[in-house]
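below: sequence and its predicted model.
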Amino acid sequence: MLKLFDSHAHLDEILDLKKSIKEAKEAGVIGILAVGSDPESNKRVLEIAREYKGYVYPALGLHPWDLDVKVAEKGLVYLSKKVGECLAVGEVGLDYRIKLDKRLQVKVFSKVLKIAKENRRPVIIHARDAWRDSFKLVVEAGIEVAIFHWYSGPLSVLEEILETGHYISATPAATYQERHRRALKITPIERILLESDAPVVYRGLKSRPVHVTLSAKGVAEVKGLDLEEVVRKTLHNVTKVFNIDL
């Protein structure tokens, strides 16, 4: 059986979590990184990680979709206190497609990156329509390892991301979205992580951790590699990025 790791799932949003984890295990998913998005989400992520210790690993974040001044202040305080308990910082970043003030987004993201840098945590980045600015802030903050979630931006920015040693992640959209597939095609397999992004809906499919298998198949198809090789190498990437033994 293939051994996969789901490097990005919103487990706090999955209603039938116990069933979802059971089916993931049966499909060969040997671990899940649960990402947070706001103070309450982060709290729940830590609870889930404690409940499924050794299988679910926590990442704490401040997603731009959930931000306002009050949430940002509370979230930064919580992250500062709890960052030592998480494997990574995320999901965080910028989203210029939403109405939220860009200046607030940049201010909060910069503060989050500072916390991640000081605690030497990898950062999982959401950067919709903001790839250049997100990458620029990552560089300015001196982040050692960043994972650009569901990369579908300009290839010129992707080249700089790869040149500076960072990573991108493959979602179930790897099976159909041309911009995402184009990015995965030119990215070395040594710089790709797999994720389900559960419970985000992909072409009518409500993703679950088990659907990280679709991400793996999409990468194998677009890169012309054996599925086993994709799974093996991306699992190695996980151990390197998050410094864990699997």
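Cool, got the structure.

find the nearest non-adjacent residue to Tyr78, please.
Of all residues not flanking Tyr78 in the chain, Pro39 sits nearest, at 4.9 Å (C-beta to C-beta, 6 or more residues apart in numbering). Glycine gets a C-beta too; all of them are placed from N, C-alpha and C.

can you show me the strands along this protein?
Counting by DSSP state E, the segments of the chain that form strands are 4-9, 29-35, 56-62, 88-95, 123-128, 146-148, 167-170, 192-194, 201-202, 205-206.

nearest to Lys74, of these?
strand 56-62 (9.6 Å; C-beta to C-beta).

tilt between that closest one and strand 4-9?
With axes from the mean of the first three to the mean of the last three C-alpha atoms, to 10 degrees as the basis, strand 56-62 and strand 4-9 are set at 20 degrees to each other.

tell me how far strand 56-62 lies from the chain's centre.
The chain centre lies 9 Å from the centre of strand 56-62; the measure is C-alpha atoms, centre = their mean, to the nearest Å.

and that strand, what does it pack onto?
Where contact means 3 or more C-beta pairs under 8 Å, 6 or more residues apart in numbering; DSSP states H and E, strand 56-62 is packed against strand 29-35, helix 39-51, helix 69-82, strand 88-95, helix 102-118.

Pro199 is nearest to which of these?
Of all these, the one in closest proximity to Pro199, counting by C-beta to C-beta, is strand 29-35 (12.1 Å).

tilt between that closest one and strand 4-9?
Angle, strand 29-35 to strand 4-9, by the same axes, to 10 degrees: 10 degrees.

what's near enough to touch Ile244?
Residues counted as contacts of Ile244 (C-beta atoms under 8 Å, 6 or more residues apart in numbering) are 31, 57, 87, 238.

I'd say the third one and Ala34 touch.
No. With contact defined as C-beta atoms under 8 Å, Leu87 does not count as touching Ala34 (9.4 Å).

common neighbours of these two, please.
Residues touching both Leu87 and Ala34 (C-beta under 8 Å, 6+ apart) are 57-59.
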